[in-house]
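In: next come a sequence and a model predicted from it.
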Amino acid sequence: MEENPKLTLNDFESISTNQELIELINDKKISLEKVNAKIFYEEELKKLQIELVKFQKWVVKNKKRVAIIFEGRDAAGKGGNIRRFTEHLNPRAMRVVALTKPTEVERGQWYFRRYIKELPNSGEIVFFDRSWYNRAVVEPVMGFCNESQYDNFMVQVPEFEHMLYEDGVVLIKFWFSISKGEQLARFNERISTPLKRWKYSPVDRKGQELWDKYTHFKELMYSKTHTSYSPWIIVRANNKKTARLESIRHVLSLFNYDGKSEALTILLPDPNIISRYYRSSKQID
């Protein structure tokens, strides 16, 4: 028997049904682990996206305002997660916000102003692909803000988010955590894949070089902005697909929307993947 058995073209030509394919795979003693994992992921994602549609209807009906922030290092999977959240939602009641660098006019305004304009309206969910937290990590690491601007921001963030909380805005803050090795692997994939190459930028190139500096400012961010009314939710995201499923579960677990009891899957997130921030000497990133 081959050391690494594979299916040949002749094998595929000899079968006509999925059952015959499975039998052939078993006969060749080829592992079905990856196949089963993919099938599980696709089935779970569909069930969770059905719940997201129900959740959105509840948000619209009850005129809720929900803002979900996706933060993390470059290549942590923020965009991919947002796509799975929004794939089947009604675009009239949700938005994705991914702001470019501020204009000259915006640089002369209060830092939060351009984000305030993007906050959810009544009956709307807004997904922030990066957010005002650029100033907490990326900007000081890359030298895009000065020390005074950084200090003012860190003092103001808890008060700003407390005002949102008091006004009824539900703010969910995700930090997608990946290891240094996983980030490098994803950078290399971006470079080698034509459809993903646009994602790779000069800032990405600095991600590995300035890894420890990112870690320093990330920890300062947690210490100043992790609050009871606006906690940081850490997602262990080395496995992209698991991170997607569990982050959706976390959001759904926070609300008692109509039809929740009829869900076809578990709506409580895996605590090994999703957790509130706590200080620990052992961290992925």
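Out: Good, I have the coordinates. Numbering: from 1, shown residues only.
In: give me the mean pLDDT for stretch 132-139.
Out: Per-residue pLDDT over stretch 132-139 has a mean of 97.
In: next: stretch 247-254.
Out: pLDDT averaged over stretch 247-254 gives 98.
In: pull out the buried positions in that stretch.
Out: Neighbour counts over stretch 247-254 (16 or more other Cβ atoms under 10 Å) mark Ser247, Ile248, Arg249, His250, Val251, Leu252 as buried. Backbone N, C-alpha and C define where each C-beta goes, glycine included.
In: the last one: which element?
Out: Assigned by DSSP states H and E, Leu252 belongs to helix 240-253.
In: the helix or strand that that helix is followed by pairs with which strands, parallel or anti?
Out: Moving toward the C-terminus from helix 240-253, the first helix or strand encountered (DSSP H and E) is strand 274-276. Using DSSP bridges, strand 274-276 pairs in its sheet with strand 232-236 (antiparallel).
In: centre of the chain versus the strand it pairs with, how much separation?
Out: 9 Å (Cα atoms, centre = their mean, to the nearest Å).
In: again, but for stretch 42-62
Out: Put simply, stretch 42-62 sits 17 Å off its chain's centre (Cα atoms, centre = their mean).
In: export the helix holding Leu252 as PDB, just CAs?
Out: As requested, the backbone C-alpha atoms of helix 240-253 are provided in PDB (Å, rounded to 0.1, in the frame of the first residue of the first chain):
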ATOM      1  CA  LYS A 240     -10.000  30.500  11.000                       C
ATOM      2  CA  LYS A 241     -13.100  28.400  10.700                       C
ATOM      3  CA  THR A 242     -13.400  27.700  14.500                       C
ATOM      4  CA  ALA A 243     -13.000  31.400  15.200                       C
ATOM      5  CA  ARG A 244     -15.800  32.300  12.700                       C
ATOM      6  CA  LEU A 245     -18.200  29.800  14.300                       C
ATOM      7  CA  GLU A 246     -17.500  30.700  17.900                       C
ATOM      8  CA  SER A 247     -17.600  34.500  17.400                       C
ATOM      9  CA  ILE A 248     -21.000  34.200  15.800                       C
ATOM     10  CA  ARG A 249     -22.100  32.000  18.700                       C
ATOM     11  CA  HIS A 250     -20.900  34.600  21.200                       C
ATOM     12  CA  VAL A 251     -22.900  37.400  19.600                       C
ATOM     13  CA  LEU A 252     -26.100  35.300  19.400                       C
ATOM     14  CA  SER A 253     -25.600  34.200  23.100                       C
END
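In: just use 17 as the starting number from now, easier for me
Out: With the count now opening at 17, the last piece we talked about shows up as helix 256-269.
In: which other helices and strands contact it?
Out: Applying 3 or more Cβ pairs under 8 Å, 6 or more residues apart in numbering; DSSP states H and E, one finds that helix 256-269 makes contact with helix 49-77, helix 94-102, strand 185-193, strand 248-252, strand 290-292.
In: do that again at 10 Å, thanks
Out: Using 3 or more Cβ pairs under 10 Å, 6 or more residues apart in numbering; DSSP states H and E as the contact test, the elements touching helix 256-269 are helix 49-77, strand 81-88, helix 94-102, strand 185-193, strand 248-252, strand 290-292.
In: identify the residues contacting Glu60.
Out: Each residue near Glu60 by Cβ atoms under 10 Å, 6 or more residues apart in numbering is listed here: Lys257, Thr258, Arg260, Leu261, Glu262, Ile264, Arg265, Leu280, Thr281, Ile282.
In: switch to 7 Å and redo it
Out: The neighbourhood of Glu60, defined by Cβ atoms under 7 Å, 6 or more residues apart in numbering, consists of Leu261, Thr281.
In: next: Phe233.
Out: When contacts are counted by Cβ under 7 Å, 6+ apart, Phe233 touches Ala152, Val153, Pro156, Val157.
In: which secondary structure element contains it?
Out: When elements are defined using DSSP H and E, Phe233 is found to belong to helix 227-241.
In: re earlier: now the angle from the helix holding Leu268 to strand 248-252?
Out: Taking axes from the mean of the first three to the mean of the last three Cα atoms, to 10 degrees, one finds that helix 256-269 is oriented at 150 degrees with respect to strand 248-252.
In: relative to strand 185-193, how tilted is helix 256-269?
Out: Here helix 256-269 points in a direction 160 degrees away from that of strand 185-193 (the same axes, to 10 degrees).
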